[in-house]
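Engineer: here is the input, now give the coordinates:
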Amino acid sequence: MTAEYQVDGAVAVITLNNPPVNGLGLSTRRGIVDGLNKALADAAVKAVVITGAGKAFSGGADITEFGKEEAYREPHLISVIQQLDLSGKPTVAAIHTVCMGGGLELALGCNYRVAAPGTAVALPEVKLGLLPGAGGTQRLPRVLGVEAALNMIVSGEAVKSEMLAAIPGQTLFDKMASSAETLLAEAKAFALEVADRRPLPRVRDLPCKHPQGEAYFQFARTMVQGMSKNFPAPVRCVDAVQNATTKKFDDGMALERETFMQLMMTPESRSLRHLFMAERAASKIADVPSDTPVREIRTVGVIGAGTMGGGISMNFLNAGIPVTILETKQEALDRGVATIRKNYEAQVKKGKLKQEKYEERMALLSTTLSYGDLKNADLIIEAVFEELGVKEQVFKQLDEVAKPGAILASNTSTLDVDKIAAFTQRPQDVVGMHFFSPANVMKLLEVVRGKETAKDVLATVMKIAKKIKKTAVVSGVCDGFIGNRMIEQYSRQAGFLLDEGATPQQVDRAIEKFGFAMGPFRMGDLAGNDIGWAIRKRRAVEKPDMKYSGTADRLCELGRFGQKTGAGWYDYQAGKRDAIPSKLVEEMIEQYRKDKGITPRKISDEEIVQRLVFALVNEGAHILEDGIAGKSGDIDMVYLTGYGFPVWRGGPMHYAGEVGLFNVVQAMNRFARNPHDDAKFWQPAPLLAKLAAEGKQFS
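Structural biologist: Take a look at the predicted model:
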């Protein structure tokens, strides 16, 4: 059992003990009911206290049961709470540290609640595309008031217990304990105080109204719809809370459960639940045990004070880790430090950062022109020009000065980490840490595992990624790793679509309507079209049979590199980022079609989206086959956190499963028949073909 039962005098204590957050799995639910039955059968027991062991009261559902039969087996949480409702003896929830989701619903099913200060309280189900399914929408408004409860339910954000206790008229907490350490003793004493009070108070019996009634809920619904247009759950939360104010309790409960089950079946909720699981799974590496010893990272060196180097440095400064930035010239150092200051000052101005925090962070930053000053760094990250010869110079010097056991990382976005490691006498200490620009903002960190990268180096980098608030995904060594290897196929398709009759703005508009943050041509203009040009020149040597549209090269020959030159696929006005369709680009594309003898045709938005997204899927399947990514969820995490793939669609590999892999393969067969496309690329990857034939999905 993961719920323990003990009796102390006249008080029975049921302790949830299902680490790490006392998830309410089947064993725990059974343990609560068994404990309650024992207490009711024991004449000496006058009251029951329910609490949680370790660092949580309860975080809610047990995520190990997601998608499994145990999640639906009786007693499910509604049944457990029903038993509390029918208990003839007072029940007291002793809440501490974490009280979320089903954990809060369990507490609301008790007659009384005693809370420790600093407890994080939340109903976060909306973040999984759901609403609370065990009475949260019906009980929380009765104890907190409608508006405070609705804000918590719709946002899913945690609120500290002392803030909730300060709400006038709240009855969520009957008592605030002095501390987490004294909570249990105070809860037991409180249980004895109320042991003989009758009738037993029940949250379900409390009144629930809002003075403005329908007008308030219409206002709330309009606000929520505007903020969550791609997610159905928040608006359904408003409906459920309104039911608490207009319907009998049992009717409101039945409607809540019905809505919960409906939302469980939506693609948005399936996508968000996939994201939740994939994010946790990304930190687990199959052959690197969770108890692998890690190296201590007390100081960090960063080579290069440019945009990337400065952004990378800020991550560590934000986490309180001292950073030394190295550059070859003083002017470059001064420029880099000035940019870091400017970024922090902008946060201070917006009220997002306190002045003293800004000063603390800058005090952790030092600069140098000498490699010798990095001799004590535990982790050194190179962020210099993306050219192998430049990397070679850097790593040979690092090999000479870095202390034994220091981790040497490259921020390369495409280059071979094994070749970089071979520039040193310590390839086991070399790893790729590919940050995404702007590095101080973007969540994704591709951790590139070389063939000799030590397991403790990997474990250390994954741990430090968490500390600097990054989502780390492990990739093997290949050209472009996971993200850029896939985006090349996506970009090639965008080019072919131009050849065949689309315009840059039509392609961008279609994929942005699908949900991408930015279309391929706006993205190219932001990143710099010269970067893609350099890759295509390299491809011409390495893979001469690889087919591209020639429009992007012609664009670059016109010097239209994007926003930095004021002109790319679009025109830009000085100081503005608005993409203005370009007559010159339109004429260039038309001329290219004439030169190639291509008669333009009308292309639907559906075809645009399918060709771009399924190109990602097919290359992703090859990446899985090649062992570059450990699992399909890792690929989805890369695209959700680094490339603006719409969250509510769950990433390219998950989305392919939603469409149906059979349908994806059929579409690819159609694209292969297009004479202006790349028929060889559209041959389904063997893994994709196999799964489609078996009616399976990637995950």
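
Engineer: strands along the stretch 501-650 of the chain, start to end?
Structural biologist: 570-571, 580-581 (DSSP state E, counting those that start in this stretch).

Engineer: list the strands paired with the last one, with their directions.
Structural biologist: Just to be clear, that refers to strand 580-581. strand 570-571 (antiparallel) (DSSP bridges).

Engineer: what mean pLDDT does the partner strand have?
Structural biologist: Across strand 570-571, pLDDT averages out at 96.

Engineer: try stretch 446-456
Structural biologist: pLDDT averaged over stretch 446-456 gives 97.

Engineer: chain center to that stretch, what's the gap?
Structural biologist: 23 Å (Cα atoms, centre = their mean, to the nearest Å).

Engineer: what do you get for stretch 83-96?
Structural biologist: Here the centre of stretch 83-96 is set off from its chain's centre by 36 Å, with Cα atoms, centre = their mean.

Engineer: what residues sit buried inside that stretch?
Structural biologist: The neighbour-count check on stretch 83-96 (16 or more other Cβ atoms under 10 Å) flags 83-85, 87, 89-96 as buried. (Glycine included, C-beta is placed from N, CA and C.)

Engineer: now, among those residues, which is nearest to residue 68?
Structural biologist: Nearest to residue 68 among the buried residues of stretch 83-96, counting by Cβ to Cβ, is residue 83 at 23.0 Å.

Engineer: now the strands for the stretch 351-500 of the chain?
Structural biologist: Under DSSP E, counting those that start in this stretch, the stretch 351-500 of the chain gives strands at 365-368, 379-382, 407-410, 430-435, 444-448, 471-475.

Engineer: what about residue 398, distance to residue 90?
Structural biologist: Residue 398 is 66 Å from residue 90, where distance means Cβ to Cβ, to the nearest Å.

Engineer: so, low pLDDT: which residues of the stretch 351-500 of the chain?
Structural biologist: Of all residues in the stretch 351-500 of the chain, none has pLDDT under 70.

Engineer: any idea how far the residue lying closest to residue 103 once chain neighbours are set aside lies from residue 150?
Structural biologist: Excluding its sequence neighbours, the residue lying closest to residue 103 (Cβ to Cβ, 6 or more residues apart in numbering) is residue 58, at 2.9 Å. To residue 150, residue 58 is 23 Å away according to Cβ to Cβ.

Engineer: those two - which one has more neighbours?
Structural biologist: residue 58 (29 against 25; other Cβ atoms under 10 Å).

Engineer: which residues does the more buried one bridge with?
Structural biologist: The partner residues for residue 58, given DSSP bridges, come to residue 99.

Engineer: follow-up on the earlier one: correct me, but the residue nearest to residue 103 touches residue 105?
Structural biologist: No. Using Cβ atoms under 8 Å, residue 58 is not in contact with residue 105, being 9.4 Å away.

Engineer: most tightly surrounded among the strands of the stretch 501-650 of the chain?
Structural biologist: strand 570-571 (a mean of 20; mean count of other Cβ atoms under 10 Å).

Engineer: break the protein into its domains for me.
Structural biologist: Here the domain assignment for the chain is 3-264, 300-475, 483-693, based on automatic domain parsing.

Engineer: end to end on the first one, go ahead and measure it.
Structural biologist: Start to finish, the residues bounding domain 3-264 are 28 Å apart (Cα to Cα, to the nearest Å).

Engineer: repeat for the second one
Structural biologist: Start to finish, the residues bounding domain 300-475 are 23 Å apart (Cα to Cα).

Engineer: any idea how far residue 562 is from the residue lying closest to residue 580 once chain neighbours are set aside?
Structural biologist: Spatial nearest neighbour of residue 580, chain neighbours left out: residue 571 (4.4 Å); criterion: Cβ to Cβ, 6+ apart. Distance of residue 571 to residue 562, computed by Cβ to Cβ: 11 Å.

Engineer: what's the answer for residue 285, then?
Structural biologist: For residue 285, the distance to residue 562 - Cβ to Cβ - is 37 Å.

Engineer: these two: who's more crowded?
Structural biologist: Using other Cβ under 10 Å, the more surrounded residue of residue 285 and residue 562 is residue 562, with 26 against 19.

Engineer: and residue 325, that one's in a strand?
Structural biologist: Yes. Assigned with DSSP: H, G, I helix; E, B strand; the rest coil, residue 325 falls within a strand.

Engineer: quickly list what it is bridged to.
Structural biologist: If you apply DSSP bridges, the partners that residue 325 bridges to are residue 302, residue 367.

Engineer: how many neighbours does it have?
Structural biologist: Neighbour number of residue 325 under other Cβ under 10 Å is 25.

Engineer: for it, which residues are in contact?
Structural biologist: For residue 325, the contact set (Cβ atoms under 8 Å, 6 or more residues apart in numbering) comprises 301-305, 309-310, 313, 333, 336-337, 365-368.

Engineer: could you give me the PyMOL syntax to select whichever of those are buried?
Structural biologist: In PyMOL, a selection of the buried entries from the contacts of residue 325 looks like this (16+ other Cβ under 10 Å):
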select buried, resi 301+302+303+304+305+309+310+313+333+336+337+365+367
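
Engineer: okay, and the helix or strand of the chain with the least pLDDT?
Structural biologist: helix 529-542 (a mean of 87; mean pLDDT, DSSP states H and E).

Engineer: against which helices or strands is that one packed?
Structural biologist: Using 3 or more Cβ pairs under 8 Å, 6 or more residues apart in numbering; DSSP states H and E, the elements in contact with helix 529-542 are helix 551-557.
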